[in-house]
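Participant: 3D model of this:
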Amino acid sequence: MSRFSIAPRRHHLELARELMGYLHKCPKKGYYINPTDPSTPQEYTTVAIREDFGYQCSYFKEDIDPRFPVPLSEEMAITMFVDADHGHDKVTGRSITGFICMVGSTPVCDVAVCPLSVVVE
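Facilitator: From the prediction side, this is the model:
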């Protein structure tokens, strides 16, 4: 529903009411986020990661509005794992790319993309 927050329509309001009704009827249901960092197999922890631009923003400091509420938990890590396979399909030559985004150890978003066409010049 957040995709439509700029220009919401009547249907979006009806969906929001339906969602709020569900949440009101099921107060014990929820979405649990495991705050621990995701575990990574040992063979992947030795991969060299080069931080190209980490030093460029090291002097920036985030200003927190003093009117913000006090956080209810510790800061959680946001981790993204990405993989790509060039020429995955041997017949069409199409590649495939996928990623998974995790907050703590809980996956919150995952996508696998295979392009519809390949242009060879």
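Participant: make it CA atoms for all contacts and neighbour counts henceforth
Facilitator: Will do.
Participant: show me the shaky parts of the protein.
Facilitator: Residues of the chain meeting the criterion pLDDT under 70: 1-6, 44-57, 116-121.
Participant: all strands of it, in order?
Facilitator: For the chain, applying DSSP state E gives strands covering 78-85, 96-103, 106-113.
Participant: most centrally placed residue in this protein?
Facilitator: The residue lying closest to the centre of the chain (CA atoms, centre = their mean) is residue 101, at 3.6 Å.
Participant: I'd say that one and residue 38 touch.
Facilitator: No. Between residue 101 and residue 38 there is no contact under CA atoms under 8 Å: 10.9 Å.
Participant: sorry, back to before: closest one to residue 25 among the strands of the chain?
Facilitator: Comparison of the strands of the chain against residue 25 by CA to CA identifies strand 106-113 as nearest, at 23.9 Å.
Participant: and the closest one, what other elements does it pack with?
Facilitator: strand 96-103 (3 or more CA pairs under 8 Å, 6 or more residues apart in numbering; DSSP states H and E).
Participant: elements contacting the strand it packs on?
Facilitator: Contacts defined by 3+ CA pairs under 8 Å, 6+ apart place strand 96-103 against strand 78-85, strand 106-113.
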